[in-house]
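# from the sequence below, what's the structure:
(2 chains)
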Protein chains: 2
Amino acid sequence: MISVKEAKNIILNSTQNFGIEEIPFIKSVGRILKEEIVADRDFPPFNRVSMDGIAIDYKAFEKGQRAFHIEGIQAAGSKQITLQNSENCIEVMTGAVLPNNANTVIRYEDVTIKNGIATITIDSIHENQNVHPKGKDGKVRDILIHQNKKIAAAEIGVLATVGKSKVKVAKQPKVMIISTGDELVGVDEIPLEHQIRRSNVFTLVSLLERLNIPSETAHITDDKTVLKQKIETYLQEYDVLLFSGAVSKGKFDFLPQVFDELGVEKLFHRVAQRPGKPFFYGQTNNCIVFGFPGNPISTFGNCLAYFYPWYYKSVGIEMQEKTAILTEDVLFKPNLTYFLQVKLSDKFGHTLATPIKGNGSGDLASLVNADAFIQLPNDKSEFKSGEVYNVIRYR
Amino acid sequence: MISVKEAKNIILNSTQNFGIEEIPFIKSVGRILKEEIVADRDFPPFNRVSMDGIAIDYKAFEKGQRAFHIEGIQAAGSKQITLQNSENCIEVMTGAVLPNNANTVIRYEDVTIKNGIATITIDSIHENQNVHPKGKDGKVRDILIHQNKKIAAAEIGVLATVGKSKVKVAKQPKVMIISTGDELVGVDEIPLEHQIRRSNVFTLVSLLERLNIPSETAHITDDKTVLKQKIETYLQEYDVLLFSGAVSKGKFDFLPQVFDELGVEKLFHRVAQRPGKPFFYGQTNNCIVFGFPGNPISTFGNCLAYFYPWYYKSVGIEMQEKTAILTEDVLFKPNLTYFLQVKLSDKFGHTLATPIKGNGSGDLASLVNADAFIQLPNDKSEFKSGEVYNVIRYR
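You can find the predicted model right below:
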């Protein structure tokens, strides 16, 4: 049995590269950018008026002039016009090009206009005010977004601005999620007394959707021959197999043996953690196998603790560690890393983690009341209120 | 001009109810639950074995017996069998029903099995160990998820478990996003010198996608007649209109006047904030109108600061306030609430906010380097490193 730290190292050292694909930019939210996004022109592309008002030549103001004959209007989206007489002004709109020969904009609030004459009503203005100079935010060919950024709404705006209607992103792995266990029936079925409905595959589908990874699901009966036959096919067809169940010490926990017979290299089996001790991790040449224990909280927590960082590293991102402050003492004696469900709250810039009392790894309902796992290390057994530990959020 | 606080109050007092719809549970992630989810049976539904091993009658152990003849196997998913002789044992698998007449499970690790006899190798066990008793996590008809919960992966697992293949959620508003501004061209076009590409509608689409709200987009030219005609139709057909641009003091900022002529009740226009001062907010009997200023950061920030809480309250959720600790002094003199872009980081359970130097409200590229806005109130102008303020995250 290896430690959580060792398990995580092994997982981060067996990441894969799924390649790159080009997709419409508007579909790219949540995906990992795989090209540098460069400015196709200066940002802004012209001396841009940033207030509605009048544009003048500052020299005239400096000489004491306050009343300016209005020569014309420069609207946003119109070709640049020219201030013909430096003692006149041009009305200008936000987003417009600053007219030729003008250099300073006075907003309407500081001007009165009567009979075609704009009179400045304040004494203090400065040259170039309310002008957003060409190239100030970025020069043509500047890198605006570096590759390996997770695309969100802000990046969508930049992609649109530079005309990247298609964008290169990391391809997603092809994932199959497989449940085992003869006690499981479908969501639409009425279980007999000794049966329960399938739930883990659906939580896994949802956890992968958070990463924008589509997935397929299957259920295989606890029959070794059938398991072996189906898994052999899946190992060929998918980049990743996620299993829920059949990796522990039970008589019908055939998976580790089946993996072995199918040539899956075991990278580890059993991790010193609760929940999720029987976790299996292995690989073939072209497929990674996560064998999560079948208890709902084990499957859920292990997917977050292991699949997530494996995926992020595979597509080029390092997951930021999050921390939180325990609000209650916790006693946990086994020599295991304890992933404890907590409710997070925010107070004065502090993240507080309050343990949620569950009933062990079968208690899916308690996950509803929590929103993270706090990771309590195995090298001690008393965890005090006020101490800080890593947390894995799931909302 | 009203304060940010007043504006937010007005917005939260003009929320709408879009009704309820029933959708497949697996599509419900991110939606707001509109029914109580109750246990259809006890949780667990039977005395559930929680370790692979043997099940015995504890009394036999208490009397000193350590070697037990194996009567049979109780697999997960099999009908409950009965321990016929209280001095024998039954092999049991995780997830199985505890056999009749047995009450205690000893895991395989603590047993040796030879010639059909299981011998317990430890001295200390306790009655009922490794059994997850029927109904311990919840009783039939208990409420497992309360309504108005935002559905995430944990809730998906519970919905599957109780057989809710369809689930009632808040309907989403029907939203149209409209850009104005004659300087705008499409993402696929090559802009002339005085033109720029449309970007705000796409950032708005993405910000709404984060809320699982689908939206449509349109662009209207800066022509008052066309604007009026199109908006009249949209006001009839949509629950919400989001505008970007044409709400300021420019000669072609026709929207406030058009709204007035179309009978849109102005709830406010202009808020004491930067960015986004010219923000317009109004309503008709059946439509809410958000008129965001056209600068990219104004549109982006105002959508987060106003549309998000309006939406969440409309569907039944109160947004939790988040806070962060400034890492640098900030000086901001105008009597305005300042929404400043910050990069958040996590250190020892503290959330730190480091200001990102942008070039004003036109600088979309600076949003890429930040991940939140910190909200600095207008009642002071010096904000010190170490002070705590509200933040609005966008990643």
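# tell me the contacts of the nearest residue to A:Pro24 once chain neighbours are set aside?
Sequence neighbours aside, A:Lys166 is the residue nearest to A:Pro24 in space, at 6.0 Å (criterion: CB to CB, 6 or more residues apart in numbering or on different chains). C-betas here are computed from N, CA, C, even on glycine. Contact analysis of A:Lys166 by CB atoms under 8 Å, 6 or more residues apart in numbering or on different chains lists A:Glu22, A:Ile23, A:Pro24, A:Phe25.
# mind checking which of those residues are buried?
Using 16 or more other CB atoms under 10 Å in any protein chain shown as the burial test, these include A:Phe25 as buried.
# ok, A:Ile145 to B:Pro191 distance?
A:Ile145 sits 19 Å away from B:Pro191, going by CB to CB, to the nearest Å.
# who has more neighbours out of these two?
Using other CB atoms under 10 Å in any protein chain shown as the criterion, A:Ile145 and B:Pro191 rank with A:Ile145 on top: 22 against 18.
# would you mind listing the buried residues in stretch A:148-159?
Within stretch A:148-159, the residues scored as buried using 16+ other CB under 10 Å are A:Lys149, A:Lys150, A:Ile151, A:Ala152, A:Ala153, A:Ala154, A:Glu155, A:Ile156, A:Gly157, A:Val158, A:Leu159.
# stretch A:285-305 too?
Buried residues in stretch A:285-305, defined by neighbour count with 16+ other CB under 10 Å: A:287-305.
# same question, stretch A:373-390
Buried positions in stretch A:373-390, judged by neighbour count with 16+ other CB under 10 Å: A:Phe373, A:Ile374, A:Gln375, A:Leu376, A:Asn378, A:Phe383, A:Glu387, A:Val388, A:Tyr389, A:Asn390.
# can you put the contacts of A:Lys166 in JSON lines and add secondary structure and distance to A:Pro256?
Below are the contacts of A:Lys166 laid out as JSON lines (DSSP: H, G, I helix; E, B strand; the rest coil; distance: CB to CB, whole Å):
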{"residue": "A:Glu22", "secondary structure": "strand", "distance to A:Pro256": "40"}
{"residue": "A:Ile23", "secondary structure": "strand", "distance to A:Pro256": "38"}
{"residue": "A:Pro24", "secondary structure": "strand", "distance to A:Pro256": "43"}
{"residue": "A:Phe25", "secondary structure": "helix", "distance to A:Pro256": "44"}
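# just give me the closest of the contacts of A:Lys166 to chain B.
Of all the contacts of A:Lys166, A:Phe25 has the smallest distance to chain B: 7.3 Å, by CB to the nearest CB.
# need the strands for the stretch 101-250 of chain A, in chain order.
Secondary structure of the stretch 101-250 of chain A (DSSP state E, counting those that start in this stretch): strands at A:104-107, A:111-114, A:117-120, A:131-132, A:143-145, A:166-170, A:175-180, A:184-185, A:196-197, A:215-220, A:240-244.
# list the helices and strands the last one packs on?
Right, strand A:240-244. Counting contacts by 3 or more CB pairs under 8 Å, 6 or more residues apart in numbering or on different chains; DSSP states H and E, strand A:240-244 packs against strand A:175-180, helix A:200-209, helix A:224-237, strand A:288-292.
# make CSV out of the ones you listed and add mean pLDDT and distance to A:Gly276.
As requested, the helices and strands packed on strand A:240-244 are exported to CSV (pLDDT from 0 to 100; distance: least, CB to CB, whole Å):
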stretch, mean pLDDT, distance to A:Gly276
strand A:175-180, 96, 16
helix A:200-209, 97, 12
helix A:224-237, 96, 21
strand A:288-292, 97, 7
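# returning to what we had before: let me have the buried residues of stretch A:148-159 in a markdown table, extended by pLDDT and distance to A:Ile120.
Below are these laid out as a markdown table (pLDDT from 0 to 100; distance: CB to CB, whole Å):
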| residue | pLDDT | distance to A:Ile120 |
| --- | --- | --- |
| A:Lys149 | 97 | 45 |
| A:Lys150 | 97 | 48 |
| A:Ile151 | 98 | 45 |
| A:Ala152 | 97 | 43 |
| A:Ala153 | 97 | 39 |
| A:Ala154 | 96 | 37 |
| A:Glu155 | 97 | 41 |
| A:Ile156 | 97 | 40 |
| A:Gly157 | 95 | 35 |
| A:Val158 | 94 | 37 |
| A:Leu159 | 97 | 41 |
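# show me these that map onto helices.
Secondary structure from DSSP state H places A:Ala153, A:Ala154, A:Glu155, A:Ile156, A:Gly157, A:Val158, A:Leu159 of those in helices.
# ranking helices and strands of chain A by mean pLDDT, which lands last?
Every helix and strand of chain A was ranked by mean pLDDT, DSSP states H and E. The lowest is helix A:365-369, at a mean of 86.
# tell me the gap between it and the middle of its chain.
23 Å (CA atoms, centre = their mean, to the nearest Å).
# direction included, what does the helix or strand following it pair up with?
The helix or strand immediately downstream of helix A:365-369 is strand A:372-376, counting by DSSP states H and E. The pairing partners recorded for strand A:372-376 under DSSP bridges are strand A:337-347 (antiparallel), strand A:388-393 (antiparallel).
# other residues contacting the last one?
Counting by CB under 8 Å, 6+ apart, the neighbours of strand A:388-393 from elsewhere in the structure are A:301, A:304-305, A:308, A:321-326, A:339, A:342, A:344, A:351, A:353, A:371-377, A:383, B:348-349.
# check the longest one too.
Residues outside strand A:337-347 that contact it (CB under 8 Å, 6+ apart) are A:3-4, A:272-276, A:297, A:301, A:305, A:324, A:330, A:332, A:351-356, A:358, A:366-367, A:369-378, A:391-393, B:320-323, B:351.
# what mean pLDDT does the helix or strand just after it get?
Scanning forward in sequence from strand A:337-347 by DSSP H and E, the next helix or strand is strand A:350-355. Per-residue pLDDT values across strand A:350-355 average out to 97.
# so where is chain A shaky, pLDDT-wise?
Scanning chain A for pLDDT under 70 picks out the ranges A:359-362.
# mind giving me the domain split of it?
Using automatic domain parsing, the domain parsing of chain A gives A:4-18+A:172-315, A:22-38+A:143-170, A:48-132, A:322-393.
# closest one to B:Phe280 among those?
For these, the distance to B:Phe280 is smallest for domain A:48-132, at 14.8 Å, taking CB to CB.
# touching chain B at all, that closest one?
Yes: interface with chain B: domain A:48-132 contributes A:48, A:50, A:52, A:73, A:75-80, A:91, A:93-97, A:107-109, A:132 (CB under 8 Å from any CB of the partner chain).
# which ones among the residues you listed are found in strands?
Assignment to strands by DSSP state E places the following of the residues of domain A:48-132 next to chain B there: A:Arg48, A:Ile73, A:Glu91, A:Arg107, A:His132.
# and the residue lying closest to the second one once chain neighbours are set aside, bridged to which residues?
The shortest distance from A:Ile73 to any non-neighbouring residue, by CB to CB, 6+ apart, is to A:Glu91 (4.6 Å). Going by DSSP bridges, A:Glu91 is paired in beta bridges with A:Ile54, A:Ile73.
# gap between A:Glu91 and A:Val49?
For A:Glu91, the distance to A:Val49 - CB to CB - is 10 Å.
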